[in-house]
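> 3D, please:
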Amino acid sequence: MNPRIYLALIFALVLGTTITITSSHWLLAWMGLELSTLSIIPMMAYQHHPRAVEASIKYFLVQAAAAATILFAAIVNASLTGEWDISHTPHPASTAMLTAALALKMGLAPLHFWLPEVMQGLDLTMGLIMATWQKLAPLALLYQISPMLNPSLLIFLGLSSTIIAGWEGLNQTQLRKLMAYSSIAHLGWMTVIIQAAPSLTLMALLMYVIMTAAAFLTFKVMMTTKINTLALAWTKNPLIATTAVLTLLSLSGLPPLSGFLPKWLILQELTSQNLPLPATLMALSALLSLYFYLRLCYTMTLTISPNMNNSMASWRLHSTQPTLLITLMTSGSLMILPLTPIAITLLS
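Numbers count the residues shown, from 1 in each chain. Coordinates of the predicted model:
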């Protein structure tokens, strides 16, 4: 792809997300979503691989259906209330349709069926964009309309996302599918608290972006997309393998790593809101996600390459990947927990 065309697509992607986040009119928000979708599809299909083309078509169809539902819900709300303002969407029918459409756009369960298949057809760079940047615009819209939504519906979406993602990720061997289920589970944690404490959702989103970026960049440096090839990571680069293990454990939410901070505060807030049952189910669902993260850590640390009969040794070429970004993201995903008092003070 011509670098100028690629730069134009990147600019359109950023512009579309920015328009959606900063707009207060449903038509402008819808236009930003469409611009973001149309700009990322050529980047997804750039590999000219059948899986990449299939992923692009699936993504286009799902996003088109979600965008059409959002536009229809906005028209219904405007016809009933006479308002196009995003913060003025009180009608139950329009809010229900908007919630379902935004859940489909983000990949929240039970409307998550498309995300693992699309992620599997992408390379690691596009997978990182899909798992992080493409979640910002629909989550911003959900953030704006969350005061008018049914709290039981949000709790249902959050619980189903964490439980289903943890359950379906148990038997996966492809790293991109595992990261897709990780994305679904983390979005469930953000959704379940978005109405009671929106600031916690923003903090969980920031931590998720940092940890996911560190994981994807680490996999890109190790040039691996499957679990069995992770067994070769320790012999090729012990330092990268060590930081990768710590990053995965941080994604799982184990203390004293940074990923423990948002889950701890979200469970505390759910308990203070007199929601002990959702808090208990969220904590138990985290154990499901912890299992498939520990599978990756076990493969990297306690499995040596001669014992992996179905893994092939890759060429030990000198990596030309930039290391500054992965260093910053990994440091953020490992060492933010001591800043908990500052975070609590800012949130309060």
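> Tell me where the stretch 101-250 of the chain has helices.
Under the criterion DSSP state H, counting those that start in this stretch, the stretch 101-250 of the chain contains helices at 114-120, 124-131, 136-145, 151-168, 175-192, 198-222, 233-236, 238-252.
> Output these as CSV; include the columns distance to residue 92 and mean neighbour count.
Just so you know, the C-beta spots here come from the backbone N, C-alpha and C atoms, and that holds for glycine as well. Putting the helices of the stretch 101-250 of the chain into CSV (distance: least, CB to CB, whole Å; neighbours: other CB atoms under 10 Å) gives the following:
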stretch, distance to residue 92, mean neighbour count
helix 114-120, 27, 22
helix 124-131, 32, 21
helix 136-145, 12, 21
helix 151-168, 10, 20
helix 175-192, 19, 26
helix 198-222, 21, 22
helix 233-236, 51, 18
helix 238-252, 36, 21
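> so can I have TSV of the ones you listed showing mean pLDDT?
Converted to TSV, the helices of the stretch 101-250 of the chain look like this (pLDDT from 0 to 100):
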stretch	mean pLDDT
helix 114-120	92
helix 124-131	92
helix 136-145	92
helix 151-168	92
helix 175-192	93
helix 198-222	91
helix 233-236	76
helix 238-252	88
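> Minimum distance to residue 52: which of those helices has it?
Among the helices of the stretch 101-250 of the chain, helix 124-131 comes nearest to residue 52, with 8.4 Å by CB to CB.
> Give the other helices and strands that the closest one contacts.
helix 26-44, helix 114-120, helix 175-192, helix 198-222 (3 or more CB pairs under 8 Å, 6 or more residues apart in numbering; DSSP states H and E).
> Those: which one's closest to residue 85?
Smallest distance to residue 85 across those (CB to CB): 7.9 Å, for helix 26-44.
> how far off helix 124-131 does that closest one point, in degrees?
For helix 26-44 against helix 124-131, the angle between stretch directions is 160 degrees (axes from the mean of the first three to the mean of the last three CA atoms, to 10 degrees).
> one step back: with distance to residue 68 as added columns, please give the helices of the stretch 101-250 of the chain in TSV.
Output for the helices of the stretch 101-250 of the chain, formatted as TSV (distance: least, CB to CB, whole Å):
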stretch	distance to residue 68
helix 114-120	15
helix 124-131	21
helix 136-145	14
helix 151-168	20
helix 175-192	22
helix 198-222	26
helix 233-236	44
helix 238-252	34
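> Can you pull the phi/psi pair for residue 86?
phi -60, psi -40 (degrees, to the nearest 10).
> cool, the one 10 residues further on as well?
When read as degrees, to the nearest 10, the backbone of residue 96 gives phi -70, psi -40.
> I'd like the numbering to begin with 39 instead of 1 from here.
Renumbered: residue one is now 39, and that last one reads residue 134.
> Quick check, it in contact with residue 192.
No: in this structure, residue 134 is not within contact of residue 192 by CB atoms under 8 Å, at 11.7 Å.
> what's the closest of the helices of the stretch 139-288 of the chain to residue 55?
helix 174-183 (4.7 Å).
> I'd guessed residue 119 sits against residue 130; true?
No: here residue 119 does not reach residue 130: they are 11.8 Å apart, not a contact under CB under 8 Å.
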